[in-house]
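Novice: Give me coordinates for this.
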Amino acid sequence: MVSLLAHGALGAFDELIFVGVAVIFLVMMGISWIRSRSTPVQPPEATPATPTESAADDAHFPLE
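Specialist: The predicted structure follows:
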């Protein structure tokens, strides 16, 4: 058998392992995609337009 994708000490089994890993990866990605399509989209939480005084003070440090 001619090794097209993987070539190593295992011979023909390299191809089976390589293709098997690729199939498992694609199945897992497909399941993840299907699950993500079925979950509802949640809007981000509303944040105030202007920060409060205490939040502004916490974000800045005085320069020395």
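Novice: Quick one: mean pLDDT for whichever strand or helix holds Ile17?
Specialist: Using DSSP states H and E, Ile17 sits in helix 12-38. For helix 12-38, mean pLDDT rounds to 92.
Novice: Return the set of buried residues in it.
Specialist: Glu15, Phe18 (16 or more other CB atoms under 10 Å). C-betas here are computed from N, CA, C, even on glycine.
Novice: now for it, which elements pack on it?
Specialist: Judged by 3 or more CB pairs under 8 Å, 6 or more residues apart in numbering; DSSP states H and E, helix 12-38 is in contact with no other helix or strand.
Novice: how would you label Phe61: helix, strand or coil?
Specialist: What DSSP: H, G, I helix; E, B strand; the rest coil gives for Phe61 is coil.
Novice: Met29 and Glu64: what is the separation?
Specialist: Distance, Met29 to Glu64, by CB to CB, to the nearest Å: 52 Å.
Novice: same check, this time on Ala12
Specialist: For Ala12, the distance to Glu64 (CB to CB) stands at 70 Å.
Novice: And Arg37, by the same measure?
Specialist: For Arg37 relative to Glu64 (CB to CB), the value is 53 Å.
Novice: And Glu45, by the same measure?
Specialist: Applying CB to CB, the value for Glu45 to Glu64 is 36 Å.
Novice: cool, and Gln42?
Specialist: On the measure of CB to CB, Gln42 and Glu64 end up 43 Å apart.
Novice: same check, this time on Thr39
Specialist: Distance from Thr39 to Glu64, by CB to CB: 49 Å.
Novice: between those two, who's got more neighbours?
Specialist: Taking other CB atoms under 10 Å, Thr39 and Glu64 do not tie; Thr39 has more neighbours (7 against 3).
Novice: Report the separation between Ala9 and Ile17.
Specialist: On the measure of CB to CB, Ala9 and Ile17 end up 12 Å apart.
Novice: and what of Glu64?
Specialist: As judged by CB to CB, Glu64 and Ile17 stand 61 Å apart.
Novice: Also Ile34?
Specialist: Separation of Ile34 from Ile17 (CB to CB): 26 Å.
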